[in-house]
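Q: Sequence plus predicted model, see below.
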Amino acid sequence: MTHVATTPQFKQNAHEALGDVQLQQALGNVRTGFIDKRAKAAAKLPEFEALRDSARDIKNHVLQHLDLYVEAYEAKVKASGGHVHFARTAAEANARIVEICKARGAKTVTKGKSMISEEINLNAAIEAAGMAAVETDLGEYIIQLRGETPSHIIAPAVHLNATQVEADFRRVHTHLDAARDLSQPTQLLTEARSVLRQKFLSADVGVTGANFLIAETGTSIIVTNEGNGDLTQILPKVHIVIASLEKLVPTMEDAAQILRVLARSATGQELTVYTTLSTGPRRAGDVDGPEEYHVILLDNGRSNMLGSEFEDMLRCIRCGACMNHCPVYHAVGGHAYGWVYPGPMGAVLTPTLIGVEQGGHLPNASTFCGRCESVCPVRIPLPRLMRHWREREFERHLSPVLVRGGLGLWAFFAKRPMLYRFSTGLAMRAMSLIGRAKGRFGWAPMASGWTKTRDLPAPQGATFQSQWKNRK
Amino acid sequence: MSERPMSTARDEILASIRHALNVTAADAPRRAAVAARLSAHAKGIIPQRGQLQGRALIECFMSQATAALATVVEVSEKDVPGEVARYLRENNLPATLKMGSDIRLNALNWAATTLSISFGASDGADLNGLSHAFGGVAETGTLVMVSGEDNPTTLNFLPDNHIVVLRAADIAGDYESVLGKIRDRFSGTLPRTVNMITGPSRSADIEQKMLLGAHGPRRLHIIIVA
């Protein structure tokens, strides 16, 4: 019951996104906000680069001993009175969550923000079983009202403007005064707060994700700014955590190391407002908290990534820095990627999770500018991993005929250096002459895909090779 | 609910990991390495900012908490009830307060104020909540709260205004020091919930503009006592 991916139509999606005036305006918020905030937060902490190394090393250590950390974690969750349920696939995870909810006769399930729950499309499973699933993160709530998927892993509604949110609230919150003023974002926030407060207080089960699972203590950690994840997990009788295998860290000290790079990389905050450690159910003497604590430990392809050329991707801590810094994401937004995970991390992860046949376009949607790798808090070599996918796609003859033909033509010239230099030199001089007046082309033969949304710069008259030679 | 079918999933997942890593379950050196790592509690890199002492430590906490949009004051212990009353009055808030059974809070002279005080977990109807922190972390101005009857977790999230008493002696430079103290206090385990709180609730989900008071408290006031 996973989301139907539109990833195979990536080119069409991207084309439409580039022409979507409203989306382009909203994407401006990504281009201007995130990059500057992360840079300032990193600059304020002299140890930031060393902490990135530390975070990378912790994750690598865990991956090399993952079986043993899973066992240690499971034992500690049990010792604290909780339950661990292993799920090989999305379907198994959904079935187990629905089973736990039904055993408590649940009607309403509140949810903290969780990308894994998007990956397995948990809401559809809960609703198919006759229960209501209520997203409580403001961004997730907005896109749930619209029947959309997140367009960003930490800012799910970043593709929207306030006027669209206002229209959705008026459409859905029909019990409120139709003449109310919602022209200010604070009014939208206040309305969502009061509507969702009732949902929190009446929910039977709360589902959250996890940013970390601590093997030492059997603890799950969530980080939020709104506090919705906390209200989701402390008010209902049952707290279910859905997390994938690679969230494990050995100790609280290890979690603290990675926390120092997580928020700074994501939003530029030094730490998120709420960092919450949850261990088992309510204890003797507690006057609040859930009576049951369950963890769904999901594989869904992770164990197959171990030991493969994509193993580095399992270090990902889902901060979103790669997409915040990606010129392709800036241009087309998250929905164009067509499934759950967008941006560079999505371009690597999506083919592993839904297959290269469906997700093969995404690793091609990169200029290999390297900004993603330069800001990744756990130093994942994202461009290299995307290149691995391109090689696989080519090897399996999944690339389109035109691409293969083009590469073949280029290879013909590249293998004949004299001919290559002569023909490119000729072409550069010709384009330089034609484009001299404006310095750019608004249209060029066979390049309309490029020139439709931006100009093609005119060459200055010399090839790279000849300039290089002159400089020597 | 039967645990049977999932034990197959468990075995298959562990087998799949071991196959990928090319290891077996009975690998003594690997097990020893993991056991050592789990018991060592080795600290990694602690920022300079997290290693301050004395007055500089307290001031770092105060400036970081203020940067996170909390308000912070320092008072002597006997003046805490008066400070709570002043804060509520000056922010035009009702003179009501909900708190847990923490003896350090209950022992204060509340009779000297006109506050109407109730006790226990919050059911969502309380405007003002008072808690005692387990500790504070100076490097980010973070409060560390532990769950229990003394300081119910619901008080950290449901009231609109959250007032927290923090002892200056309980402020440490780094997260690791406070988390380690909790581990010692709870004999190697953790309480049900540990909340690390850095400023009041907020959201930037609408057009990436930061707004306070999303789902948790709209205001966070920290009272440091010497």
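A: Good, I have the coordinates.
Q: need the contact list for A:Cys320.
A: Not Cys; residue A:320 is Gly. A:Gly320 makes contact with A:34, A:152-155, A:265-266, A:343, according to C-beta atoms under 8 Å, 6 or more residues apart in numbering or on different chains. Backbone N, C-alpha and C define where each C-beta goes, glycine included.
Q: most neighbours, which of those?
A: The member of these surrounded by the most neighbours (other C-beta atoms under 10 Å in any protein chain shown) is A:Gly343, with 28 neighbours in all.
Q: Which phi and psi values does that one adopt?
A: For A:Gly343, the backbone dihedrals are phi 70, psi -170 (criterion: degrees, to the nearest 10).
Q: next one: the one 5 residues further on
A: Dihedral angles phi and psi of A:Val348 (degrees, to the nearest 10) take the values phi -80, psi -40.
Q: what about the nearest residue to it once chain neighbours are set aside, which SS state?
A: Leaving out its chain neighbours, the residue that sits closest to A:Val348 by C-beta to C-beta, 6 or more residues apart in numbering or on different chains is A:Leu385, at 4.4 Å. Using DSSP: H, G, I helix; E, B strand; the rest coil as the criterion, the local structure at A:Leu385 reads helix.
Q: Looks like A:Leu385 contacts A:Gly346 (just checking).
A: No - with contact taken as C-beta atoms under 8 Å, A:Leu385 and A:Gly346 are classed as non-touching, separated by 11.6 Å.
Q: Distance of the residue nearest to A:Val348 relative to chain B?
A: With the distance defined as C-beta to the nearest C-beta, to the nearest Å, A:Leu385 ends up 17 Å from chain B.
Q: Next up, the contacts around that residue.
A: Residues touching A:Leu385, when contacts are defined by C-beta under 8 Å, 6+ apart, comprise A:309-310, A:312-313, A:348, A:363.
Q: With pLDDT, neighbour count and secondary structure as added columns, please give these in TSV.
A: Converted to TSV, these look like this (pLDDT from 0 to 100; neighbours: other C-beta atoms under 10 Å in any protein chain shown; DSSP: H, G, I helix; E, B strand; the rest coil):
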residue	pLDDT	neighbour count	secondary structure
A:Glu309	95	14	coil
A:Phe310	96	19	coil
A:Asp312	98	22	helix
A:Met313	98	20	helix
A:Val348	96	30	helix
A:Pro363	90	24	helix
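Q: Let me know the closest of these to chain B.
A: Closest to chain B out of those is A:Phe310 (11.3 Å), distances taken as C-beta to the nearest C-beta.
Q: that older thread, any idea how far the residue nearest to A:Val348 lies from A:Leu349?
A: Distance, A:Leu385 to A:Leu349, using C-beta to C-beta, to the nearest Å: 9 Å.
Q: Give me the common contacts of the two.
A: Both A:Leu385 and A:Leu349 are in contact with A:Met313, where contact means C-beta under 8 Å, 6+ apart.
Q: Mind checking what secondary structure whatever residue of chain B ends up closest to chain A has?
A: When you check chain B against chain A by C-beta to the nearest C-beta, the closest residue turns out to be B:Gly216, at 2.7 Å. Recorded secondary structure, B:Gly216: coil (three-state DSSP).
Q: pLDDT score for it?
A: Per-residue confidence at B:Gly216 stands at 97 (pLDDT).
Q: One more: B:Arg4?
A: Listed pLDDT for B:Arg4 reads 53.
Q: go on, the one 5 residues further on?
A: In the predicted model, B:Ala9 carries a pLDDT score of 96.
Q: Excluding chain neighbours, give the residue nearest to it in space.
A: By the measure of C-beta to C-beta, 6+ apart, the closest residue to B:Ala9 outside its immediate chain neighbours is A:Phe86, 4.1 Å from it.
Q: try A:Thr251
A: The shortest distance from A:Thr251 to any residue other than its chain neighbours is 4.5 Å, reached at A:Glu216 (C-beta to C-beta, 6+ apart).
Q: isn't that neighbour right up against A:Ala255?
A: No - proximity of A:Glu216 to A:Ala255 does not meet the contact threshold set by C-beta under 8 Å, at 9.4 Å.
Q: Spell out the residue ranges of the helices in chain B.
A: Chain-ordered helices for chain B, with DSSP state H as the definition, fall at B:4-21, B:28-40, B:54-67, B:80-90, B:103-106, B:154-157, B:175-185.
Q: pLDDT of the helix or strand hosting A:Val195, averaged?
A: Assigned by DSSP states H and E, A:Val195 falls within helix A:185-202. For helix A:185-202, mean pLDDT is 96.
Q: quick one: strands adjacent to the helix or strand just after it?
A: Once helix A:185-202 ends, the next helix or strand along the chain (criterion: DSSP H and E) is strand A:205-208. Sheet pairing for strand A:205-208, assigned by DSSP bridges, gives strand A:108-111 (parallel), strand A:238-244 (parallel).
Q: Alright, calling it a day.
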